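> how does the following fold in three dimensions:
(2 chains)
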Number of protein chains: 2
Amino acid sequence: MKKLLILAALLPAATSAQDKNLAYEITAGLTTEVGQRLAGTEQEAKARAWATQKLKALGFQNIRIEPFEMKGWIRGEEKAEITAPYTHKIAITALGHSGATPTNGLTGTVVVYPTYADFLAAPEAAINGKIVYVGHAMGRTQDGSSYGVFGRVRREGPAVAAKRGAAAFLIRSIGTDDHRTPHTGVTSWPDGVTPLAAAALSNPDADNLERIARTSSSPIKMSLTLTPKFTGPQQSGNVLAELPGTDPAAGIVLVACHLDSWDLGTGAVDDAAGCGIVTDAALSVAAKGKHRRTIRVLWAGSEEVGVFGGEAYFKAHKDEPHALAAESDFGADRIWQVNFRLPEPAAPLRARISEALAAQGIGTGRGVAGGGADVGQMIAAGTPAIDLNQDGTRYFDLHHTADDTLDKVDPASLRQNVKAWSSMLDLVANAPEPLIFTDGQ
Amino acid sequence: MKKLLILAALLPAATSAQDKNLAYEITAGLTTEVGQRLAGTEQEAKARAWATQKLKALGFQNIRIEPFEMKGWIRGEEKAEITAPYTHKIAITALGHSGATPTNGLTGTVVVYPTYADFLAAPEAAINGKIVYVGHAMGRTQDGSSYGVFGRVRREGPAVAAKRGAAAFLIRSIGTDDHRTPHTGVTSWPDGVTPLAAAALSNPDADNLERIARTSSSPIKMSLTLTPKFTGPQQSGNVLAELPGTDPAAGIVLVACHLDSWDLGTGAVDDAAGCGIVTDAALSVAAKGKHRRTIRVLWAGSEEVGVFGGEAYFKAHKDEPHALAAESDFGADRIWQVNFRLPEPAAPLRARISEALAAQGIGTGRGVAGGGADVGQMIAAGTPAIDLNQDGTRYFDLHHTADDTLDKVDPASLRQNVKAWSSMLDLVANAPEPLIFTDGQ
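Sure, this is the predicted structure:
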């Protein structure tokens, strides 16, 4: 018996660390103990406090909150009903930065456009004073690239509708699920455009509305109440923490995620999981002993509402030497591909990473790494980048919905992510090759 | 060109009937043109009007509404939030016949019981004045039999909690999905028990609450607003329609579904699809020419809230000779098994049906047919029965939720159902065997 106990004590620490699944622990903690973390609200401030405490407990150094101001916006009442030719309550949610209807709502005739092109081609007379609906159903893709195409309806559509005199702008959710859980997401208002009430219907509600438009010749009437509001300048902030390397001149290895989430779910796949993955992987490199380059973890604030955290990071840190910027912000499913954007002298490092990841079943793509939103400006300004691409097949089932909750995160997939990130980070942090882009490269 | 047109005109009518998919057309029409059909409301009355018009257009005879009174109940505001130790908005829905909280809600301490047995074993002092939560997570089964076991929490639990002095009674949804769409369903109050506020949390919310209870030692506080109300006696009704047979003495073949639905979705799989299936199948038998037995279609009212339509049918028609009672009320997925409850002299008919269905990949079970709820009393009183069992694997993902919408219905599965029902009905309607149970059988 005594012998068994001694043997147990000698088991490698790696086993218990792996059993622990720190990435999952962070994801569960943030989503359970904080929950939704809407940018610029008290909930996001709680998340920063939770993050600093957690990162300290995990042994990180130079932990700090870098505050910044952004424009606040909060959701209000959300209610919609088709009143003619049939009556249907509609599952709807305001888009981020939506304007409001009158407090008691508005009623109006709905004009239905199956695609964004149909809407753009419609004469202004057809739109003026109407509740405009645009379908433009999103297709499911593994790499998530359809978000670029279909997200346009949400990002640009409301302002175009406002300029054309619409009473309100509704879209089919930018999402691939079939649940009564509509997808929010930010829209943008160019200077001089007054925000219009803008909202997304769940996909089943969108199907129903489009079916009514197809099969009935009677006008479609709707009542709509949306009372979100802009709350003026609010404080947000980035959380930074480091695992110092032995060679400060070799550049910082920046690994990012975002701490804020939309307010409908608990931000599990978007993006607590990303924070769990990069943090777990960074610690696993440090756990091996000394590493050459400092690894800096960035848990960015206010990503969802306009990448304000990424912008603040860029302003504050763009002149520090960065050897790499990489972000995990595409859910919690498995990594299937790696893409690079490295300086030419780092070709051998690229080959070592490709080889290590190939052994884990991860291919090397032909694309150029672009990072996640929060490191986008750093990369655009010349910081080397590596993208570890996650399978996005089911990401847009959950993205920006009430369904983005912990139960959607598969602990085994998180481990797969952490293993890939650990391999990549270990090789980058210790690479002998220079990793700073020279001008013009 | 002219020749082609003539050929097209000569194509068998069966092809176009099959292309038509009447079962799907009925399901789409009822869910789109009426939508939710809560028992005892104007929406259910609209559904009866829609049904009689549709059945007339389809060529049924003796179409009538048989009205009855039942106790009305409508949903009100539904809002819940965990306020300590963390803050979380909760996706919640009142159970049918739930009592109400005060208009401005109540706040209280939550006591969490993972199973119904835990709740029953808890001392009254632990429950008195508390918001009681019971988990009792439902397992997924192909035959849906787990509903019997887990549904008990919903049916009996609220009254038990009321008698034990609870402030409110919450359950994990009786459902197998992982969406923020809680499952409603009726509960029952024995005489003398004042209805308590009783509601279901969505499964992700239930997971979260149970996780907080497991990982935090602080008391869990919640605020809860539920304002449903009983609306007194309301009119509901059954819709009946017939395809007369040549031999009135041979007994009526009764095929049923229910017309009412819960109010959260549009009642597509529960039970517009059932009405589509039995109606399409009945017509396909009549389309062959004469049939011996009259086929009577029953679109029952007020099933969800207490099987009041089934009870009214039994009272009105129990003395008419019935050769069969069968119901489609378990969704829209494929039929995998048949079970019988036929008089002994009908053994050859049973064999013919088994053989016909086996050719369609449908096995014969060893169970005894019991019908759906609306024909349950008829069968209990001796009417022969055949159950065509649908695959229920995903039924409780949708059952009684906002997600019960048309997009969940697969037209090809509906066709499979109609084909099986047509084969069975054709054989029963034309069977030479006597099909009336004698006393004591």
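> could you chop chain A up by domain?
What automatic domain parsing lists as the domains of chain A is A:13-69+A:233-430, A:77-229.
> distance to chain B added to those domains, as CSV?
Where C-beta positions appear, they are placed from N, C-alpha and C, glycine not excepted. Listed next are the domains of chain A as CSV, based on distance: least, CB to the nearest CB, whole Å:
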stretch, distance to chain B
domain A:13-69+A:233-430, 4
domain A:77-229, 4
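> and whichever strand or helix holds residue A:69, which strands flank it?
Assessed by DSSP states H and E, residue A:69 sits inside strand A:61-74. Counting by DSSP bridges, the strands paired with strand A:61-74 are strand A:229-243 (antiparallel).
> which SSE is immediately downstream of the partner strand?
Immediately after strand A:229-243, counting by DSSP H and E, sits strand A:252-258.
> what angle sits between that following strand and strand A:229-243?
140 degrees (axes from the mean of the first three to the mean of the last three CA atoms, to 10 degrees).
> relative to residue B:315, which of the domains of chain A is closest?
Taking CB to CB, domain A:77-229 is the member of the domains of chain A nearest to residue B:315, at 32.1 Å.
> got the end-to-end distance for that closest one?
10 Å (CA to CA, to the nearest Å).
> list the buried residues for the strand holding residue A:69?
A:63, A:65, A:66, A:68, A:70, A:71, A:72, A:73 (16 or more other CB atoms under 10 Å in any protein chain shown).
> skipping its backbone neighbours, what lies nearest residue A:177 in space?
Distances taken as CB to CB, 6 or more residues apart in numbering or on different chains place residue A:397 nearest to residue A:177, at 3.9 Å, with adjacent residues excluded.
> and the contacts of the strand holding residue A:69?
A:38-41, A:48, A:52, A:55-56, A:96-97, A:228-244, A:263, A:301-302, A:305-306, A:308-309, A:312-313, A:316 (CB atoms under 8 Å, 6 or more residues apart in numbering or on different chains).
> filter those to the buried ones?
A:38-41, A:48, A:52, A:55, A:96-97, A:228, A:234-243, A:263, A:301-302, A:305-306, A:308-309, A:312-313.
> so residue A:103 versus residue A:83, what's the distance?
19 Å (CB to CB, to the nearest Å).
> more neighbours, the two?
residue A:83 (13 against 9; other CB atoms under 10 Å in any protein chain shown).
> for the more buried one, give its distance to residue A:222.
For residue A:83 relative to residue A:222 (CB to CB), the value is 6 Å.
> anything in contact with each of those two?
The contact lists of residue A:83 and residue A:222 share residue A:107, where a contact means CB under 8 Å, 6+ apart.
> check contacts around the nearest residue to residue A:156 once chain neighbours are set aside.
Excluding its sequence neighbours, the residue lying closest to residue A:156 (CB to CB, 6+ apart) is residue A:188, at 7.4 Å. Counting by CB under 8 Å, 6+ apart, residue A:188 makes contact with A:97, A:155, A:156, A:159, A:306.
> from these, which land in helices?
A:155, A:156, A:159 (DSSP state H).
> adding neighbour count, write those residues out as JSON lines.
JSON lines is the format used below for the ones in helices among the contacts of residue A:188 (neighbours: other CB atoms under 10 Å in any protein chain shown):
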{"residue": "A:155", "neighbour count": "15"}
{"residue": "A:156", "neighbour count": "15"}
{"residue": "A:159", "neighbour count": "20"}
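> with respect to residue B:425, which of those is nearest?
residue A:155 (54.1 Å).
> output the below-cut-off pLDDT ranges for the stretch 51-200 of chain A.
Within the stretch 51-200 of chain A, no stretch has pLDDT under 70.
> which residues of it fall in helices?
A:116-121, A:124-127, A:146-163 (DSSP state H, counting those that start in this stretch).
> so which of these comes closest to residue A:259?
helix A:146-163 (21.3 Å).
> rewinding a little: turn the domains of chain A into JSON lines, including distance to residue B:406.
Shown next, in JSON lines, are the domains of chain A (distance: least, CB to CB, whole Å):
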{"stretch": "domain A:13-69+A:233-430", "distance to residue B:406": "19"}
{"stretch": "domain A:77-229", "distance to residue B:406": "7"}
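> most tightly packed of these?
domain A:13-69+A:233-430 (a mean of 21; mean count of other CB atoms under 10 Å in any protein chain shown).
> and that one, how far from the chain's centre?
Mean C-alpha position of domain A:13-69+A:233-430 versus that of the full chain (CA atoms, centre = their mean, to the nearest Å) differs by 11 Å.
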